[in-house]
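Undergrad: pasting a predicted model and its sequence here:
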Amino acid sequence: MVQLWDAREVLDMRPHIKGFEYKARASNILTQISTLDVVQRGVDQEMTAQLRNLAACTLCPRWHSGDESQINSTTLKFRQVVERFVVVSRAQRRELGRRNGQRRQIPIFDVQQQDQRPPALAGQQHNREQPANRVHLRPRQAPVPIERAALPLPQVRVPVPLQQQAPALPEEQPNELAHRVRQDANLAGVFQQLYSFRIEEDWELADDMLHQIIQGHSDRREQNQERERPQVRAERSIARDHPRPPRARADVRLRPRPAANIQAPDLEQQPAIPPAPRPRFVPPPPRSPAPVAIRQPTIPPAPRYIPPLARAPRPYGPGAPAAIIKNTQPQHLPRRQPLDDDCYVCYEAIDHLDDAVWCKAECGKNIHRGCFEQWAREKIIAGQDITCAHW
């Protein structure tokens, strides 16, 4: 009989809830391994391959995607969880079978039919029960009592009622029962030791893995710092040799304070500035009268008649759109930022200048070339405009 088990409950995994990349594939793998009889088969090669595919589908797409060491450690953790479930299920099945076997054993007792009559009466009764056509030449001797061990009497199996107590067990059964009890106790102790050993081994393995992960991060950080030191020094030297031009400030002219200001006693000691002379209005000289000349009136010639030109017919439809005048001068000139800051998409340090692109439209920040290509591809697929992702 195949024992079904729920891989989602055993592994405590819900791929349709968490932010995994391959949700459908992980759900299919969990459904497939749930149909296998893992308690009977154990964790074989097929189950290990399925668990490895599940670990590859459920890793973090930003930090651990494609990392073989992370996939191996996750597969080992999944396998240990499934093996622990198999051991517990087999122990429960063994205990349930033992209890069912004890429950099915119905205590019985033997009812032996013993002849309590005297030997002579028993012989007469036996002769009367024989057929009439059978002739005995000599009288039958009295039956000799036979020991029970040599020839057992017929036994009748009668179930014991519920109210009646079962008779005492034979001498051999208590020893066998005690042996079974001791054997079960020994098996329980061995299973407890094995289970505790596996738990301690898992804790030690988890501590080792955590130590390796922390040590790997620290080593990687030191390597990145050693690799970035020449680049940082070069950028600092370039920034020192080519300082940024100062910003243009507006010409602000302060209004001079009056001389009678109480908070400026030094101005009172200075000589007073004489007031500027006020402009005076000078009337212009009188003009002399212009001479008068008498002229004869002239009649202008009649204008020549010019026929009107034929107008072209107006085309049917809306008029031409108005010309759109765009401002060709950029209002904002971004400057490229230094490589000291991390990529604001994956939060990783930018190792080389060739691996980075920068925003030439708004912020001027640097971003990994791979991160920008993936982000732009998603924008194009979604039908959206590619704008500055930082602002």
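TA: Structure's in. What do you need?

Undergrad: by average pLDDT, which secondary structure element in the chain comes out worst?
TA: Across the helices and strands of the chain, the lowest-confidence element by mean pLDDT, DSSP states H and E is strand 108-112, at a mean of 44.

Undergrad: which residues touch the one helix or strand Cys371 maps to?
TA: Per DSSP states H and E: Cys371 is located in helix 369-382. Residues from elsewhere that reach helix 369-382, judged by Cβ atoms under 8 Å, 6 or more residues apart in numbering: Cys343, Val345, Cys346, Asp355, Ala356, Val357, Asp385, Ile386, Ala389. Placement of C-beta: from N, CA and C, glycine included.

Undergrad: if we use 6 Å, what do you get?
TA: Contacts with helix 369-382, where a contact means Cβ atoms under 6 Å, 6 or more residues apart in numbering, come from Cys343, Val345, Cys346, Asp355, Val357, Ile386.

Undergrad: most surrounded residue in the residues you listed?
TA: Cys343 (20 neighbours; other Cβ atoms under 10 Å).

Undergrad: and the pLDDT for it?
TA: On the pLDDT scale, Cys343 is placed at 85.

Undergrad: check the one 10 residues further on too.
TA: At Leu353, the model reports a pLDDT of 81.

Undergrad: okay, now it: neighbour count?
TA: 11.

Undergrad: now it: how far from Pro243?
TA: 21 Å (Cβ to Cβ, to the nearest Å).

Undergrad: and Gln231, by the same measure?
TA: 20 Å.

Undergrad: when these two are compared, which one has more neighbours?
TA: When Gln231 and Pro243 are compared on other Cβ under 10 Å, the one with more neighbours turns out to be Gln231, at 16 against 7.

Undergrad: give the next helix or strand downstream of the helix or strand where that one lies.
TA: Secondary-structure assignment from DSSP H and E places Gln231 in helix 172-241. Next in sequence after helix 172-241, counting helices and strands by DSSP H and E, comes strand 356-358.

Undergrad: contacts for that next one?
TA: Arg336, Ile350, Gly364, Asn366, Ile367, Arg369, Phe372.

Undergrad: and those residues, which of them are buried?
TA: Ile350, Gly364, Asn366, Ile367, Phe372 (16 or more other Cβ atoms under 10 Å).

Undergrad: ok, for the third one, nearest residue in space, not its chain neighbours?
TA: Taking Cβ to Cβ, 6 or more residues apart in numbering as the measure, Asn366 lies nearest to Ala356, with 4.5 Å between them; neighbours along the chain are not counted.

Undergrad: how many neighbours does the one you found have?
TA: Counted by other Cβ under 10 Å, the residues lying close to Ala356 total 18.

Undergrad: mean confidence score for the host helix or strand of Phe78?
TA: Per DSSP H and E, Phe78 falls inside helix 68-104. Helix 68-104 carries an average pLDDT of 83.

Undergrad: which strands and helices lie in contact with it?
TA: helix 45-57, helix 172-241 (3 or more Cβ pairs under 6 Å, 6 or more residues apart in numbering; DSSP states H and E).

Undergrad: again, 8 Å this time
TA: Contact here means 3 or more Cβ pairs under 8 Å, 6 or more residues apart in numbering; DSSP states H and E; on that basis helix 68-104 packs against helix 7-11, helix 38-41, helix 45-57, helix 172-241.

Undergrad: so the last one versus helix 68-104, what angle?
TA: What it means is helix 172-241. Orientation of helix 172-241 against helix 68-104 (axes from the mean of the first three to the mean of the last three Cα atoms, to 10 degrees) gives an angle of 160 degrees.

Undergrad: same thing with the third one?
TA: Our comparison of helix 45-57 with helix 68-104, counting by the same axes, to 10 degrees, yields an angle of 130 degrees.

Undergrad: ok, residues contacting helix 45-57?
TA: Residues from elsewhere that reach helix 45-57 (Cβ under 8 Å, 6+ apart): 11, 13, 15, 20-22, 25-26, 29-30, 32-33, 36, 38, 41, 71, 74-75, 78-79, 82.

Undergrad: what is the mean pLDDT for it?
TA: For helix 45-57, the mean per-residue pLDDT is 84.

Undergrad: buried residues in it?
TA: For helix 45-57, by 16+ other Cβ under 10 Å, it's Met47, Gln50, Leu51, Arg52, Asn53, Leu54, Ala55, Ala56, Cys57.

Undergrad: re earlier: for the helix holding Gln231, packing partners?
TA: Partner elements for helix 172-241 (3+ Cβ pairs under 8 Å, 6+ apart): helix 68-104.

Undergrad: buried sites along the helix it packs on?
TA: Residues 70-71, 73-82, 85-87, 89 are the ones in helix 68-104 that count as buried (16+ other Cβ under 10 Å).

Undergrad: what is the nearest of these to Asn186?
TA: Of all the buried residues of helix 68-104, the one with the least separation from Asn186 (Cβ to Cβ) is Val87, at 16.5 Å.

Undergrad: quick check: that closest one vs Met47, distance?
TA: Per Cβ to Cβ, Val87 is found 15 Å from Met47.

Undergrad: equivalent analysis for Arg8, please.
TA: According to Cβ to Cβ, Arg8 and Met47 sit 15 Å apart.

Undergrad: buried subset of the contacts of helix 45-57?
TA: 11, 13, 15, 20, 22, 25-26, 29-30, 33, 36, 38, 71, 74-75, 78-79, 82.
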